[in-house]
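[1] what's the 3D shape of this:
(chains A and B)
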There are 2 protein chains.
Amino acid sequence: MRATYIYGPGDVRVIDAPEPTIQKPSDALVRVVRACVCGSDLHPYHSMSPSPEGVSIGHEFIGVVEETGSEVTTVSTGDFVIAPFAVSCGTCEFCRAGLQTSCVNGGFWNDAAVGTAGGQAEAVRVPLADGTLVKVPGITEATDDALLASLLTLSDVYGTGWHAAVKGGVTDGSTVTVIGDGAVGLLAVLSATQLGAERIVLMGRHEARTDLGREFGATDVVAERGEEGIAKVRDLADGGSHIVLEAVGHMPAYDQAVGIVRPGGVISRVGVPQYEDAPVGFGSLFGPNITLTGGPAPARAYIEPLLPAVLDGSVQPGKVFDRTVALDETPEAYAAMDSREALKVMVKPR
Amino acid sequence: MRATYIYGPGDVRVIDAPEPTIQKPSDALVRVVRACVCGSDLHPYHSMSPSPEGVSIGHEFIGVVEETGSEVTTVSTGDFVIAPFAVSCGTCEFCRAGLQTSCVNGGFWNDAAVGTAGGQAEAVRVPLADGTLVKVPGITEATDDALLASLLTLSDVYGTGWHAAVKGGVTDGSTVTVIGDGAVGLLAVLSATQLGAERIVLMGRHEARTDLGREFGATDVVAERGEEGIAKVRDLADGGSHIVLEAVGHMPAYDQAVGIVRPGGVISRVGVPQYEDAPVGFGSLFGPNITLTGGPAPARAYIEPLLPAVLDGSVQPGKVFDRTVALDETPEAYAAMDSREALKVMVKPR
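    Numbers count the residues shown, from 1 in each chain, chains lettered A, B, ... in the order given. Predicted structure coming up:
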């Protein structure tokens, strides 16, 4: 089959890879109907150490079950499924608590330890299929593109935006600032809207994106960055934002969050941090009693609750996709997202 | 009057200072009945830059109102009062929200910007008296020592331990680990007990202190530090503690907290951080979805709710005091706490 591998910075190739097979009784094989490229895929695209043999990549996909292992009970051949960006058993204490990204038996895609390959491919072996996959009745490969796109966001970016808003404590009447106008930031805006936020300031400078942010419910857009951006948000939010959703992961976004959050407020991070140490002392978080929260979203936990509004069309998170490519064109998808020509690119294996 | 000043590391002196006077109509003058030395006073005692003219010190006191400015309405001459460790107006948005340590009109004791001196003295000018002071009817200088000691803890250490537990989200059935066997750590144990924690692991190695911790409700004591301490707590708490209350403020205590907290858990800090940067990335807080919270306690907000149980004797937080000195002996109080001969020293101006 054809599958996407990355070999080093800027070096993504679609190659012939072995067909995946059932290896354990809890596995399922899924033929991919739609996959996509994530903002977090751009981190290795920028800075991974060169790998002569390549590493499989991609962690967002929806598809149809082709085969199941003997122990699998919740999905069957022919079922349409959403695969969240983490593999999880569904039975350990963390899965039961809705924190599937900390599953003691699971892991992430493209992880040799878990034995998984990536989702930007024609087919994927899904370990722990009962815990990992969510079946969506009534959907087929022939379902309309817009709905498939929205379903695909449930594998990561919508659940991640939702996680930011939930961990940030967004509720009726909240004032929220979202840092980042990528797909996750825009879906954090949508999530904050759904959770009842009254004022949503979106920090971003790409007009097509911030326009979609306004459509998702942003009440204000701040294009400025650094001190200027901080001053503008503090002014708009009457001295600082109670809740800041950080959907970027770079250090300047962290500093921005600390700059705009109000004393007693919350910074909820879902952008994968590209740093380990950051200011948390008296002058940043401690003095003003700021809470820092967030992490990798347990997207699995959010698929069922978010699904009904996607299926009935009352939300359309799939609007974050502004380009579609064939599987063999995946390298171009990376380049387009890296140059910010495209917001988020869908990959259509056939 | 006699008042305590600090001149540099290890150099605390009790000197003759000018009698405080009413300077603004919102001021009150309080004659100090009991004061004390705080763990956080030891930070300048270790590392302040030498100051030839000295800096007044002390931020915990109870006393009797001697005089009030013309605008003061909530306390009168002769009232017994508790002074929390921050000055606050009581009317700004942060005071109304119960975050008096972020009061826009207030500040801390011994702050030239606010015009305050310290509490380890015979008398103190209290700015913003209506917002800052809490009157306690029925108490006088002649009230028994044990109750005065417990009332004194409401000025800081009890409210600070309570803040740790509240921000940590301690509730019925919680598993909590408290790092630090100083007065704040021990009162965090008491607070966790009051909030319904089922299991409370106290990390500390001074037996007299951890014995008091057990009396306050600790179910387990771990004397080990570093990796050994982490392993022991993880073992006791079945893989990690949902809630960690960090009552020290030094970097090893932060690392300890990160080591023992369970995925999805909370680290609530009330020890004043002696660092600015710390690990918060994928390998520490982000990956396991850890929440970092806490800050300077709004002790003012907690005095009224915590007062009834202190007055009726059902809790005795004043047990953290294990020594009392006269005001002129305050330097010895610092030395005794610094050498850990004393847990917490009360100062009796007369």
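[2] tell me the residues on chain A that lie near chain B, please.
    Applying the criterion CB under 8 Å from any CB of the partner chain, the portion of chain A that neighbours chain B consists of A:94, A:97, A:99, A:101-102, A:167, A:263-264, A:269, A:272-273, A:275-296, A:298. C-beta: built from backbone N, CA, C; applies to glycine.
[3] these in strands, which ones?
    Among those, the ones falling in strands (DSSP state E) are A:263-264, A:269, A:277-279, A:291-294.
[4] drop anything exposed from those.
    A:263-264, A:269, A:278-279, A:291-294 (16 or more other CB atoms under 10 Å in any protein chain shown).
[5] can those go into a markdown table with extra columns for pLDDT?
    Conversion of these to a markdown table gives the following (pLDDT from 0 to 100):
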| residue | pLDDT |
| --- | --- |
| A:P263 | 97 |
| A:G264 | 98 |
| A:R269 | 98 |
| A:A278 | 98 |
| A:P279 | 98 |
| A:T291 | 98 |
| A:L292 | 98 |
| A:T293 | 98 |
| A:G294 | 98 |
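[6] list phi and psi for the closest residue to A:P50 other than its chain neighbours.
    Leaving out its chain neighbours, the residue that sits closest to A:P50 by CB to CB, 6 or more residues apart in numbering or on different chains is A:G8, at 3.7 Å. Main-chain torsions, A:G8, degrees, to the nearest 10: phi 170, psi -180.
[7] next, count neighbours for A:G8.
    Counted with other CB atoms under 10 Å in any protein chain shown, the burial measure for A:G8 works out to 16 neighbours.
[8] the one 10 residues further on now?
    If you count neighbours by other CB under 10 Å, A:P18 ends up with 8.
[9] equivalent analysis for A:P52, please.
    6.
[10] before we move on, what's the pLDDT of it?
    Among the per-residue scores, A:P52 shows a pLDDT of 95.
[11] now do the helices in chain A.
    Listed in chain order, the helices found in chain A under DSSP state H are A:42-47, A:93-96, A:129-132, A:145-153, A:157-167, A:183-194, A:207-216, A:226-236, A:251-260, A:299-311, A:330-338.
[12] save those helices as JSON lines, and put in mean neighbour count too.
    Shown next, in JSON lines, are these (neighbours: other CB atoms under 10 Å in any protein chain shown):
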{"stretch": "helix A:42-47", "mean neighbour count": "14"}
{"stretch": "helix A:93-96", "mean neighbour count": "18"}
{"stretch": "helix A:129-132", "mean neighbour count": "25"}
{"stretch": "helix A:145-153", "mean neighbour count": "21"}
{"stretch": "helix A:157-167", "mean neighbour count": "29"}
{"stretch": "helix A:183-194", "mean neighbour count": "30"}
{"stretch": "helix A:207-216", "mean neighbour count": "18"}
{"stretch": "helix A:226-236", "mean neighbour count": "16"}
{"stretch": "helix A:251-260", "mean neighbour count": "21"}
{"stretch": "helix A:299-311", "mean neighbour count": "19"}
{"stretch": "helix A:330-338", "mean neighbour count": "21"}
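[13] B:S174 is nearest to which of those helices?
    Minimum separation from B:S174 across the helices of chain A (CB to CB) falls at helix A:93-96, 15.5 Å.
[14] outside of the closest one, which residues touch it?
    Defining contact as CB atoms under 8 Å, 6 or more residues apart in numbering or on different chains, one finds that helix A:93-96 is touched by A:88-89, A:100, A:102-104, A:106, A:131, A:300, B:263-264.
[15] burial check on the closest residue in space to A:L343 that isn't next to it in sequence, number of neighbours?
    Spatially, and ignoring its direct neighbours in sequence, A:L343 is nearest to A:D322 (4.8 Å; CB to CB, 6+ apart). Using other CB under 10 Å, A:D322 is surrounded by 17 other residues.
[16] can you read off the backbone torsions of A:D322?
    The phi/psi pair for A:D322 (degrees, to the nearest 10) reads phi -120, psi 10.
[17] hang on, it packs against A:R340?
    No: counting by CB atoms under 8 Å, A:R340 is not a contact partner of A:D322; they are 11.1 Å apart.
[18] so where is the stretch 251-350 of chain A shaky, pLDDT-wise?
    With pLDDT under 70 as the threshold, the stretch 251-350 of chain A has no low-confidence stretch at all.
[19] ok, now chain A?
    Scanning chain A with the threshold set as pLDDT under 70 gives no residue ranges.
[20] change it to 80
    For chain A, residues meeting the criterion pLDDT under 80 lie at A:112-115.
[21] pick out the residue nearest the middle of it.
    For chain A, the residue nearest the mean C-alpha position is A:V157 (2.7 Å; CA atoms, centre = their mean).
[22] got the contact list for it?
    Taking CB under 8 Å, 6+ apart as the contact definition, A:V157 lies against A:38, A:60, A:183-184, A:187, A:317, A:320, A:344.
[23] just A:V261 next, same as before
    A:240-244, A:267, A:288, A:290.
[24] for chain B, what's its nearest residue on the stretch 51-200 of chain A.
    Closest to chain B within the stretch 51-200 of chain A is A:S102: 3.6 Å, counting by CB to the nearest CB.
[25] name the nearest residue to that residue, ignoring sequence neighbours.
    Excluding its sequence neighbours, the residue lying closest to A:S102 (CB to CB, 6+ apart) is B:P263, at 3.6 Å.
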